[in-house]
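*Asks:* build the 3D model from these lines:
(2 chains)
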Amino acid sequence: MMPGIGERPVASEEILARFILRDGCVRADGTLRPDPFMPFKHVELSVTRHLGLEASELWAAGSLVAEETGTTLHGRADVTAEVFEKRNLHVTPKPLPNNPNHADVVDWPADKPSQKEIALLIDRDAVFQANPLPPPPPPPPRAE
Amino acid sequence: MSKTTIQAELPPELVSQAHDFLAHSSLKDINGLVEAALRDFFGHHARRSEETHTIVERQGTLQALRARQESCAKSGWDGHGAEPVSPQARDRAQLFLNSLPAGCPMPEIGAEPDGHLTLEWYRTPSRVLSVSVGPEGELNYAALVGDTSRRTGSEIFQNAVPGDLLHLIQQVCAA
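*Replies:* Numbering: from 1, shown residues only, chains lettered A, B, ... in the order given. Model (predicted):
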């Protein structure tokens, strides 16, 4: 059986999106701060491959993640896989039921200063795109 | 001929110097004395103004710190399973900020998924310093100083900002 498109190995020139699900990450000059590139639990960083997705589908994938986690999708940072590879990291396909294009950036160094340095270097090459979709309306107040 | 009166409180040592000078000098020297006194006076007020600015900036940064901790106080605040940022981490970061010398630029405040707060001094994507502050006073930092120079390090905060970090702040923020 042929692997699904999201299971194919990640090519160096592929663009990967890191969804930004918190406020306060964008600087006054429109660039992104490095904090969202710090790996979760020190081992991996979740990204979504652009592979085969229209822009609207990509934003929809981000909105779904925000909905599932009770957060707001503020935007996304686009980075090519090559930027991670240059720092000795690897991008592994990790399709999820609700996000077949999901991948993990792995092989982070164990020590935090090195992780921070890599986050700064990735951040330098990342392109931030603000979410063009209006945020969902707040939930209505509960009836007494 | 119009007459302008400047009312200002001169530092007492300048007044004393002026009295001594007038007692022992001729009229032609007085212009120089007045000029020096004014220069000192305005210099003194410029320093006061700078100190006031620093205090206001620091207060704004401390407010941002409290707001950031509150907004990241629950698990998963980043949508990717982050640890909560604790009041202890906020208190350590506040101590750090209050230990910065007068006139030092204030950082922007952020947070990381392990529950540490971040202090960022930024000029360009290639001139930036990020310091993480943990609940036990752990300081982890990384800096890009130009396209080729990088620095990283770890320290434990002991109520004084490490000299290496002050030097990096100066390098990153220098005009």
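
*Asks:* which residues touch the one helix or strand A:E57 maps to?
*Replies:* According to DSSP states H and E, A:E57 maps onto helix A:55-69. With contact meaning C-beta atoms under 8 Å, 6 or more residues apart in numbering or on different chains, helix A:55-69 is reached by A:17, A:19, A:21, A:48, A:50, A:53, A:71-73, A:76, A:98-99, A:101, A:131-133, A:136, B:76, B:79-80. All C-beta spots, glycine's among them, are computed from the backbone N, C-alpha and C.

*Asks:* contacting residues around B:L62?
*Replies:* Applying C-beta under 8 Å, 6+ apart, the residues near B:L62 are B:Q94, B:L97.

*Asks:* not counting residues beside it along the chain, what's closest to A:H74?
*Replies:* A:I20 (4.7 Å; C-beta to C-beta, 6 or more residues apart in numbering or on different chains).

*Asks:* quick check: the one you found touching A:R76?
*Replies:* Yes - counting by C-beta atoms under 8 Å, A:I20 touches A:R76, with 6.2 Å between them.

*Asks:* between these two, what contacts are shared?
*Replies:* With C-beta under 8 Å, 6+ apart, A:I20 and A:R76 have common neighbours A:F128.

*Asks:* ok, which residues in chain A are in contact with chain B?
*Replies:* Residues of chain A lying near chain B by C-beta under 8 Å from any C-beta of the partner chain: A:19, A:21-25, A:27, A:31, A:33-36, A:38-42, A:46, A:65-66, A:69-71, A:111-114, A:116-117, A:119-121, A:123-124.

*Asks:* could you list the low-pLDDT ranges of chain A?
*Replies:* A:1-3, A:42, A:134-144 (pLDDT under 70).

*Asks:* closest approach to chain B from it, which residue is it?
*Replies:* A:L21 (3.1 Å; C-beta to the nearest C-beta).

*Asks:* B:G81 is in contact with that residue, correct?
*Replies:* No - taking C-beta under 8 Å as the definition, A:L21 is not a contact partner of B:G81, at 10.9 Å.

*Asks:* follow-up on the earlier one: among the residues of chain A next to chain B, which are in helices?
*Replies:* The helices, defined by DSSP state H, take in A:65-66, A:69, A:112-114, A:116-117, A:119-121, A:123-124 from those.

*Asks:* show the buried residues in those.
*Replies:* Buried subset of those (neighbour count, 16 or more other C-beta atoms under 10 Å in any protein chain shown): A:V65, A:A66, A:T69, A:K112, A:P113, A:K116, A:E117, A:A119, A:L120, A:L121, A:D123, A:R124.

*Asks:* taking those together, which two end up most distant?
*Replies:* A:A66 and A:P113 (30.7 Å; C-beta to C-beta).

*Asks:* can you tell me the SS state at the residue lying closest to B:P107 once chain neighbours are set aside?
*Replies:* If the residues on either side of it in the chain are set aside, B:P107 comes closest to B:L119, at 3.9 Å by C-beta to C-beta, 6+ apart. Secondary structure, DSSP: H, G, I helix; E, B strand; the rest coil: B:L119 is strand.

*Asks:* B:L119: neighbouring residues, count only.
*Replies:* For B:L119, the count of nearby residues is 24 (other C-beta atoms under 10 Å in any protein chain shown).

*Asks:* thinking again about what came up before, okay, and which of the contacts of helix A:55-69 map to strands?
*Replies:* Per DSSP state E, strands hold the following members of these: A:A17, A:F19, A:T48, A:R76.

*Asks:* wait, the last one sits on A:A17?
*Replies:* Yes - contact criterion C-beta under 8 Å: A:R76 and A:A17 qualify, at 4.4 Å.
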